[in-house]
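S.K.: no sequence on this one, just coordinates:
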């Protein structure tokens, strides 16, 4: 029995090590290679409207209803909202503080009431522009880029 357990344990250790550096992926693959700085996007979002971009930073806040939006914060504290408009990309509600890469289309929002499922009382921000999330990757806060 020990002969079987030892190789299995070694195999599991190798597998865990191999995947330790991989980010958790949500939605479509992130294919845009170059980041748009969050501060640059926040300063002039209309300039990027309709463009597919990539932003990277730390999750400052996440939707506690379904995980449909995150506030992405850069190293200087500038924030920008990434939101899955069709709720096809839902991030874990406990991902605040993790590193995040988001790919999506910069979209102007029209004010509309937010639909909530019964028992899901939460507030959703209503900014003028968002990155309409297509795909996202999460890494632990201490992970290297």
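M.R.: Ah, there it is. Please read all numbers here as calculations on a predicted model, not as lab measurements.

S.K.: how close does residue 24 sit to residue 108?
M.R.: Using Cβ to Cβ, to the nearest Å, residue 24 is found at 29 Å from residue 108. For the C-beta atoms, the positions are set from N, CA and C on the backbone; glycine is no exception.

S.K.: next, the contact list for the closest residue to residue 99 other than its chain neighbours, please.
M.R.: In this structure, residue 99 finds its nearest non-sequential neighbour in residue 139, 4.3 Å apart by Cβ to Cβ, 6 or more residues apart in numbering. Applying Cβ atoms under 8 Å, 6 or more residues apart in numbering to residue 139 gives the contacts 23, 24, 98, 99, 100.

S.K.: most neighbours of all those, which one?
M.R.: The most crowded member of those, judged by other Cβ atoms under 10 Å, is residue 100 (26 neighbours).

S.K.: in a strand, that residue, correct?
M.R.: Yes: under DSSP: H, G, I helix; E, B strand; the rest coil, residue 100 falls within a strand.

S.K.: that one is in contact with residue 73, isn't it?
M.R.: No: if you go by Cβ atoms under 8 Å, residue 100 and residue 73 don't touch, sitting 9.3 Å apart.

S.K.: where do the contact lists of the two overlap?
M.R.: Counting by Cβ under 8 Å, 6+ apart, the contacts common to residue 100 and residue 73 are 57, 58, 59.

S.K.: specify the beta-bridge partners of the last one.
M.R.: Translated: residue 59. Residue 59 forms beta bridges with residue 72, as assigned by DSSP bridges.

S.K.: contacting residues for it?
M.R.: By Cβ under 8 Å, 6+ apart, the neighbours of residue 59 are 70, 71, 72, 73, 91, 95, 96, 97, 98, 99, 100, 138.

S.K.: report the rounded mean pLDDT for stretch 22-37.
M.R.: Mean pLDDT, stretch 22-37: 97.

S.K.: one step back: okay if I get the contacts of residue 59 as TSV plus pLDDT and distance to residue 30?
M.R.: Conversion of these to TSV gives the following (pLDDT from 0 to 100; distance: Cβ to Cβ, whole Å):
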residue	pLDDT	distance to residue 30
70	97	14
71	97	18
72	98	13
73	98	18
91	98	13
95	97	16
96	97	20
97	97	20
98	97	15
99	98	13
100	98	10
138	98	11
